[in-house]
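Participant: Quick one, structure for this:
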Amino acid sequence: MTFASTFLLMNTVAHLMMIVMLHSATATSAFLLTVPPSVKPVSSKHQRQHRSINSSSTSKLQATSKVLQLLRGGGSSSSFLETLSGTIAPKVGVVTSTALYLAPAAAVLQAIKNDDMGDLNPLPLAIMSIVSVSWLAYGLAAKNANVALSNIGGCVASIGYVVGILPLLSKNKEQLRMTQKVLLGGTTAVLSLWTFLGLSSSMTASQMAHYLGLFASGLFIFLAGSPLSTISKVVHSKDSSSILGTLTAAQVI
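Facilitator: Numbering: from 1, shown residues only. Presented below is the predicted three-dimensional model:
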């Protein structure tokens, strides 16, 4: 089993385990937060005998319930979720976005140094240049500094990758034509969308940012699947070197 397929398999298993854990936590929380009438004290005698035990159990149940509510996203976890979504997640997003754009750097520089593409797949690099520009447009429209700043470097890096490999593609006319079509088609789609949204008199700034975000998200799906464009070659040759491992890992993260 290749590195790429092993990494994807491990990631899938981890996600499935997380889903099972969250489902179990939800079911347990629902059970703990619901006290059946049959377990309520029925007499003052029983209350006196078990007062200390009940007090300790109640404290433990309350503490457990708070933890489970935090996992479920309810109750007193609102401040934590606000901090997570408003402060922590954007900063993590900047790091992961930067890691994604830098992932192909070593392979591209090696190809330029050797004056040969080798097994490097140009399709993800071409799509990445369109994706980075689209996310930058969304960040500017939404006035989101984290998105905008993280994609400025991405635009420069991804366009630099394409500029660097284009001379190398002259040895492979099929790859060259494919890269040219992706760049031309992607640029046409991006400019057409910007023109339509910009000239629409009924379009508010928030609506414009919303559609730009949807467009960028859709393009990212193509970027995530683009390394698999050589899957038939991988299967027949039993060699996954055309699937860039660092880029695949960065996309999964």
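Participant: Contacts for stretch 171-178 next, please.
Facilitator: Residues outside stretch 171-178 that contact it (CB atoms under 8 Å, 6 or more residues apart in numbering): 116, 117, 122, 123, 126, 166, 169, 170. From N, CA and C alone the C-beta is placed, and that goes for glycine too.
Participant: where do the helices sit along the stretch 101-250 of the chain?
Facilitator: 105-114, 122-141, 145-165, 173-199, 205-225, 231-237, 245-252 (DSSP state H, counting those that start in this stretch).
Participant: okay, those in JSON lines with mean neighbour count, distance to residue 96 and mean pLDDT next?
Facilitator: Listed next are the helices of the stretch 101-250 of the chain as JSON lines, based on neighbours: other CB atoms under 10 Å; distance: least, CB to CB, whole Å; pLDDT from 0 to 100:
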{"stretch": "helix 105-114", "mean neighbour count": "14", "distance to residue 96": "16", "mean pLDDT": "92"}
{"stretch": "helix 122-141", "mean neighbour count": "24", "distance to residue 96": "12", "mean pLDDT": "93"}
{"stretch": "helix 145-165", "mean neighbour count": "18", "distance to residue 96": "9", "mean pLDDT": "91"}
{"stretch": "helix 173-199", "mean neighbour count": "14", "distance to residue 96": "22", "mean pLDDT": "93"}
{"stretch": "helix 205-225", "mean neighbour count": "16", "distance to residue 96": "12", "mean pLDDT": "91"}
{"stretch": "helix 231-237", "mean neighbour count": "12", "distance to residue 96": "25", "mean pLDDT": "78"}
{"stretch": "helix 245-252", "mean neighbour count": "18", "distance to residue 96": "7", "mean pLDDT": "71"}
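Participant: Could you dump those helices into TSV with distance to residue 97 added?
Facilitator: Output for the helices of the stretch 101-250 of the chain, formatted as TSV (distance: least, CB to CB, whole Å):
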stretch	distance to residue 97
helix 105-114	14
helix 122-141	8
helix 145-165	4
helix 173-199	18
helix 205-225	11
helix 231-237	26
helix 245-252	9
